[in-house]
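Chemist: no sequence on this one, just coordinates:
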Ligand code: FE2
């Protein structure tokens, strides 16, 4: 079965672009590029990974998944169409905006724009952090991971697993026996999870974005900067049960969280999904963040 190969980019509508500009540069340590009234965030060789525009949603507004060839893009579009998903070609203007060779557009079951593309361009110059930083883990594992809140778990899993070809990594059960919340973690490349689904209706789709530093010192240094700048920490430093990520969570100017981590597990070869009771081996005091 054809599947997507990475989460290559995503778009966020924000209400305070100026707050994001300084947050991205000073707190996250990523590169900020002004673009058409918004900002694009770079943290590797790609033209950009996160696109922020002042449209006010304070939520994710589109996802861009890479497919490894034009033949597989066509096959994936035909497969989605056979499932009843409406798929259309992206025009030249959209391809130029996303910096891709070809693109097809559809929506997830909840109306979120999902773009499938081939041929993402690089930025021309190497990534330069605003501070001394060892860089981020991306490459063929994409921009990191995201966790989405959905009202209908079955529809979400059908779209992302049966439709886009995500594979189950594992489930995490949170909360007291009998009233447990079941989170589903999925992969499409060696990164333990690129996408996780929380079956809880929420005002916003986006629970958090994870960006992975290459060096643990950058997690610690960033946590120092966060605390010095009084950025709200949603969840203290901790280690996850499933992907072994050592991370902390902080609030963004849009209200959702960014998980800033290091040492995430990579799935190589055979993988048997399992169920974890609890999200963290230690730490992560605060919200129940996956
Ligand atoms: Fe996470």
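Modeler: Cool, the structure landed. Note that the structure is predicted; figures quoted are calculated from it, not measured.
Chemist: all contacts plus neighbour counts: C-alpha atoms, from now on.
Modeler: Noted.
Chemist: what ranges do the helices span in the chain?
Modeler: Assigned by DSSP state H, the helices in the chain fall at 17-22, 70-82, 92-98, 153-157, 216-228.
Chemist: closest to residue 57 out of the ones you listed?
Modeler: Residue 57 sits nearest to helix 17-22 of all those, at 11.8 Å, using C-alpha to C-alpha.
Chemist: Can you convert the helices of the chain into JSON lines and add a column each for mean pLDDT?
Modeler: Written out in JSON lines, the entries for the helices of the chain read as follows (pLDDT from 0 to 100):
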{"stretch": "helix 17-22", "mean pLDDT": "98"}
{"stretch": "helix 70-82", "mean pLDDT": "98"}
{"stretch": "helix 92-98", "mean pLDDT": "97"}
{"stretch": "helix 153-157", "mean pLDDT": "98"}
{"stretch": "helix 216-228", "mean pLDDT": "98"}
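Chemist: of these, which approaches residue 36 most closely?
Modeler: Evaluated with C-alpha to C-alpha, these place helix 92-98 nearest to residue 36, the distance being 10.3 Å.
Chemist: Let me see the contact set for the closest residue to residue 268 other than its chain neighbours.
Modeler: Residue nearest to residue 268 in three dimensions, not counting chain neighbours: residue 190, with 6.0 Å by C-alpha to C-alpha, 6 or more residues apart in numbering. With contacts taken as C-alpha atoms under 8 Å, 6 or more residues apart in numbering, residue 190 has the following neighbours: 141, 266, 267, 268.
Chemist: in the stretch 151-290 of the chain, which segments are predicted with low confidence?
Modeler: Low-confidence segments of the stretch 151-290 of the chain, defined by pLDDT under 70, are located at 287-290.
Chemist: measure the residue lying closest to residue 47 once chain neighbours are set aside to residue 31 for me?
Modeler: On the basis of C-alpha to C-alpha, 6+ apart, the spatially nearest residue to residue 47 that is not a chain neighbour turns out to be residue 123, at 3.7 Å. When distance is defined by C-alpha to C-alpha, to the nearest Å, residue 123 is 11 Å away from residue 31.
Chemist: Looking at these two, which has the bigger crowd around it?
Modeler: For residue 123 versus residue 31, the count of surrounding residues by other C-alpha atoms under 10 Å is larger for residue 31: 21 against 14.
Chemist: how does the protein divide into domains?
Modeler: Here the chain is described, according to automatic domain parsing, as comprising the domains 6-118, 139-280.
Chemist: any chance of these in JSON lines, plus distance to residue 128?
Modeler: Written out in JSON lines, the entries for the domains of the chain read as follows (distance: least, C-alpha to C-alpha, whole Å):
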{"stretch": "domain 6-118", "distance to residue 128": "6"}
{"stretch": "domain 139-280", "distance to residue 128": "14"}
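Chemist: right, and the ones you listed - which one's nearest residue 129?
Modeler: domain 6-118 (5.2 Å).
Chemist: coming back round to it: return the distance of the residue nearest to residue 47 relative to residue 34.
Modeler: 14 Å.
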